[in-house]
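> fold the stuff below for me.
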Amino acid sequence: MKIRILLAVVFALILSGCVGPSDSSGWSSSQKSQFLKILKNDKYMSICDQQPLYQKVKQSRNSPLMTKLLVEYTDNLANGCIVNNEGFRAYRQKVTTTDIENKLRGGYSIEKILKPYVPEYRQFNALIAHYRALQKSGNASAKLLHTVRLNIERVKLMKPGLGDTYALVNIPEYKIRVIEKDHTALEMRVVVGTRKNQTPIFSENLKYITLNPTWNVPDSIARNEIIPKTLRNPGYLKSHRLVVRKDYNLDSPAQSFNPSLARNYVGGKGPVPFKFIEVPSNRNALGRVKFIFPNHHSVYMHDTPAKSLFKRKTRAFSHGCVRLHKPKAMLKYISENYTAHDYEDVQAKYDSRKTHYLKIIKPLPVHTAYLTAYVDENGELLTFSDVYGFDKTQRLNF
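Model (predicted):
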């Protein structure tokens, strides 16, 4: 009986990667073998700029060097291998030597140490598989290989913990998908920001839906578009259903447009002491519905009266927000699955032409991403035009 118990303990230790005494740096022979096996084929494509160190480790199996490499490998996995990744750094993860050493001494397997930093998003493994297949074929162009590799690194930079169900806006593809457990439940075309007014790359949870919204004109648009057009054409505000208030509240006292005052706020930056609000209508710039996931970019998804833009191949026309081709389909899906309202009730509120708010009652993360290479559900590798020029400006660190 004692022998059986001893064998069971040994077997459990083998499974956990804890067999063998640790050296002064915390490494067991089992952990070293595990790490070298991962490095041999660069399982997580994160050796990157550490090739010289890897060659030393492979030859010497020196423990301090191996610790240094494990820290660097983990950091490359957690935070990508792109040097100039402006706009992609919002979710940088902290990797420290102390934490890695403690886990080594605690007998963690190397896979367990790396697991918190391995992207959960299925695109990570899918793009790696295609990259390796392209390399093996010998027929892929250097440009295609570089594009796929860049996008592997971009996936690493996405917010950890995408969620089982989430909405993904892929900017270069001009498309949004709602993903449920790796399957597409809903997808549609979108319009994204121009190169000058880019849709930012970030993640936030959907919080509420506004039916029949007003449009609170941002001060930047007021300065650069609304005020100059109104100064040239006094009838502009009425024809575009815009009213003037002291703040973004339709119930605030109405104000008249004062040309002498307004001229002081043409161009430039900073707050404007009066606000333009577009009242609800079919022609409202936000259409009949908007989906709010609060963020410091003031970006959201919404309907639009400019339906013809969805027929175009290139659809970068907004000031940064995401316009939906089929907003009613999105409204139906989200109201049925993420609000306390049935769709008949939502439809009645929608038809009322009055502003209503629907609260989201369970998490639905919304992720905006910039993937110029994407593997669809059929396993096909798709590539898209580099609308914001990131493929040209971003450089790998190796």
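
> where does the prediction get shaky in the protein?
Of all residues in the chain, those with pLDDT under 70 make up the ranges 1-20.

> ok, longest helix in it?
helix 63-79 (DSSP state H).

> now the angle between helix 63-79 and whichever helix or strand comes after that helix, please.
Past helix 63-79, further along toward the C-terminus, the next helix or strand under DSSP states H and E is helix 97-105. Counting by axes from the mean of the first three to the mean of the last three CA atoms, to 10 degrees, helix 97-105 lies at 110 degrees to helix 63-79.

> hang on, the earlier thing: just the CA trace of the longest helix of the chain, in PDB.
The C-alpha atoms that make up helix 63-79 are tabulated as PDB, following Å, rounded to 0.1, in the frame of the first residue of the first chain:
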ATOM      1  CA  SER A  63      20.400  28.400 -15.300                       C
ATOM      2  CA  PRO A  64      20.800  32.200 -14.900                       C
ATOM      3  CA  LEU A  65      20.900  32.600 -18.700                       C
ATOM      4  CA  MET A  66      17.800  30.300 -18.900                       C
ATOM      5  CA  THR A  67      16.000  32.500 -16.400                       C
ATOM      6  CA  LYS A  68      16.800  35.600 -18.300                       C
ATOM      7  CA  LEU A  69      15.600  34.000 -21.500                       C
ATOM      8  CA  LEU A  70      12.300  32.800 -19.900                       C
ATOM      9  CA  VAL A  71      11.600  36.300 -18.600                       C
ATOM     10  CA  GLU A  72      12.300  37.800 -22.100                       C
ATOM     11  CA  TYR A  73      10.200  35.100 -23.800                       C
ATOM     12  CA  THR A  74       7.300  35.700 -21.400                       C
ATOM     13  CA  ASP A  75       7.500  39.400 -22.000                       C
ATOM     14  CA  ASN A  76       7.600  39.000 -25.800                       C
ATOM     15  CA  LEU A  77       4.500  36.700 -25.500                       C
ATOM     16  CA  ALA A  78       2.700  39.100 -23.200                       C
ATOM     17  CA  ASN A  79       3.500  42.300 -25.000                       C
END
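
> buried residues, it. List them.
Within helix 63-79, the residues that qualify as buried are 63, 65-79, counting by 16 or more other CB atoms under 10 Å. Every C-beta, even on glycine, is put in place using the N, C-alpha and C of the backbone.

> for that helix, packing partners?
Using 3 or more CB pairs under 8 Å, 6 or more residues apart in numbering; DSSP states H and E as the contact criterion, the neighbours of helix 63-79 among helices and strands are helix 29-40, helix 51-60, helix 97-105, helix 110-114, helix 142-156.

> can you list those helices in a markdown table and add mean neighbour count?
A markdown table is the format used below for the helices and strands packed on helix 63-79 (neighbours: other CB atoms under 10 Å):
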| stretch | mean neighbour count |
| --- | --- |
| helix 29-40 | 17 |
| helix 51-60 | 13 |
| helix 97-105 | 15 |
| helix 110-114 | 19 |
| helix 142-156 | 19 |
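
> quick check: which of the ones you listed is nearest to residue 124?
helix 142-156 (4.7 Å; CB to CB).

> give the next helix or strand downstream of that closest one.
strand 165-170.

> give the partner strands of that following strand in its sheet and their orientations.
Strand 165-170 has its sheet partners listed here by DSSP bridges as strand 175-180 (antiparallel), strand 365-369 (parallel).

> out of those strands, deepest packed?
Compared across the strands paired with strand 165-170, strand 365-369 shows the largest average neighbour count, a mean of 23 (mean count of other CB atoms under 10 Å).

> got the CA coordinates for stretch 374-394 in PDB?
Output of stretch 374-394 as PDB, limited to C-alpha atoms (Å, rounded to 0.1, in the frame of the first residue of the first chain):
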ATOM      1  CA  TYR A 374      -7.500  37.100 -40.300                       C
ATOM      2  CA  VAL A 375      -8.400  33.400 -40.400                       C
ATOM      3  CA  ASP A 376     -12.100  32.900 -40.900                       C
ATOM      4  CA  GLU A 377     -14.300  30.100 -39.500                       C
ATOM      5  CA  ASN A 378     -13.500  27.900 -42.600                       C
ATOM      6  CA  GLY A 379      -9.800  28.100 -41.800                       C
ATOM      7  CA  GLU A 380      -9.100  30.400 -44.800                       C
ATOM      8  CA  LEU A 381      -6.500  33.100 -44.400                       C
ATOM      9  CA  LEU A 382      -7.800  36.500 -45.400                       C
ATOM     10  CA  THR A 383      -5.800  39.600 -45.900                       C
ATOM     11  CA  PHE A 384      -6.900  43.200 -46.100                       C
ATOM     12  CA  SER A 385      -5.600  46.600 -47.200                       C
ATOM     13  CA  ASP A 386      -3.500  48.500 -44.700                       C
ATOM     14  CA  VAL A 387      -6.000  51.400 -44.300                       C
ATOM     15  CA  TYR A 388      -4.100  53.300 -41.600                       C
ATOM     16  CA  GLY A 389      -0.600  52.400 -42.800                       C
ATOM     17  CA  PHE A 390       0.400  50.400 -39.700                       C
ATOM     18  CA  ASP A 391       1.800  47.500 -41.800                       C
ATOM     19  CA  LYS A 392       4.300  50.000 -43.300                       C
ATOM     20  CA  THR A 393       5.200  51.900 -40.100                       C
ATOM     21  CA  GLN A 394       5.300  49.100 -37.500                       C
END
